[in-house]
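*Asks:* Here you go, sequence then predicted model.
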Amino acid sequence: MAIQESKYIWHNGELKDWHAATVHVLTHALHYGSSIFEGMRFYATEKGPCIFRLDCHLKRFYESAGFYRMPLNIELAQLREVCLQVIRANELESGYLRPLAFHGYGSLGVDPGDRPAELMVAAIAMGLYLGAESREKGVDVCVSSWQRVAPNTIPAAAKAGGNYLSSQLIHMEAVRNGYTEGIGLLQDGSVGEGSGENIFLVREGKLYTPQLSDSILAGITRDSVIQLARDMGHEVVETSIPRTMLHNSEEIFFTGTAAEITPVRTVDRDPVGSGKRGPLTKTIQDAFFGLFDGSTEDRRGWLTAVGGNA
Ligand SMILES: Cc1ncc(COP(=O)(O)O)c(C=O)c1O
């Protein structure tokens, strides 16, 4: 997905012109993957642009930094303000927000030392991550020959740059073989997640999703879907999912900030259910996207208005 350039990026304390926000080639993170980041969407609503679950994303950002003892030289409340400021400065109504902290120039050794991390926040326009028709028609996926990272290798719960080498292998292999996305299995052969999405399966009317004790990212869209589904009286089971369930489920969908809620229509060329978006997937999509057009009540204060004149 090509970047749609906007005007400004916040970098180490100041808003810079898009092309002026640069780093040195000996930046530690370029060599060793030592970065942590978040991805949030903001949506056009009646109250102007609103960020979805900003505080939850910021909490995960600080937790990801914590796994690596990365010193963030900014209080959460200040970073929160920066997120709002960057969207306003770029005059975007909807899009994607990317805060990133990384070890910069200073150490060539693997140990980055205790210098404060560099920090940047970018806001860009973003359409449908898994393709123009993916929300209604669904996507074709495969089980990857690459597994997700094993427990006690690197923490899957951290949203860290280095983790995304695993995601790249899974995604690029899938695309090379004619699929839109790949599913990474876990060390025990059970279902893990997509390269950038969590996964839900529907069987006999119940929703199933891998449990957080599995080596997966604790997705914020995943959590939102669980809460919305339970609000509507649907049972959600967080458990270990055998690979075979990819072939005898009535419906499957991905969840993620970028992918939002995307139906899966085939797995390894086998149709999922009818091979079309299933009714429960549609119900969950309606509840989720309804948060932004006001047809679903924002009962939990998940939307943060960006404010200003954006
Ligand atoms: C590996 C991985 N799993 C799951 C997700 C979904 O997480 P969220 O819903 O918080 O965006 C993402 C995207 O951030 C991801 O990169």
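*Replies:* Received it, and whenever you're ready, just let me know what you need.

*Asks:* domains for the chain, by residue range?
*Replies:* With domains defined by automatic domain parsing, the chain comprises 8-124, 134-277.

*Asks:* Helix or strand next in line after the worst-scoring helix or strand of the chain on mean pLDDT, which one?
*Replies:* Each helix and strand of the chain was given a mean pLDDT (mean pLDDT, DSSP states H and E); the minimum falls on helix 134-137 at a mean of 94. Downstream of helix 134-137, the first helix or strand assigned by DSSP states H and E is strand 139-143.

*Asks:* Check the offset of the next helix or strand after that following strand from the chain's centre.
*Replies:* Counting by DSSP H and E, the element after strand 139-143 in chain order, helix or strand, is helix 164-176. Its chain's C-alpha centre and that of helix 164-176 lie 15 Å apart, by CA atoms, centre = their mean, to the nearest Å.

*Asks:* Helix or strand next in line after helix 164-176, which one?
*Replies:* strand 181-185.

*Asks:* What strands flank the helix or strand that that following strand is followed by, and is each parallel or antiparallel?
*Replies:* Reading on from strand 181-185 to the C-terminus, the next helix or strand found by DSSP H and E is strand 191-194. With DSSP bridges as the test, strand 191-194 is paired with strand 181-185 (antiparallel).

*Asks:* what about the strand it pairs with, near the ligand?
*Replies:* No - judged by CB under 6 Å from any ligand atom, strand 181-185 makes no contact with the ligand; its nearest approach is 8.3 Å. C-beta coordinates here come from the backbone N, C-alpha and C atoms, glycine included.

*Asks:* Return the angle between stretch directions for that strand and helix 164-176.
*Replies:* Strand 181-185 runs at 130 degrees relative to helix 164-176, counting by axes from the mean of the first three to the mean of the last three CA atoms, to 10 degrees.

*Asks:* Tell me the gap between strand 181-185 and the middle of its chain.
*Replies:* 15 Å.

*Asks:* Report the angle between that strand and strand 139-143.
*Replies:* Strand 181-185 runs at 30 degrees relative to strand 139-143, counting by the same axes, to 10 degrees.
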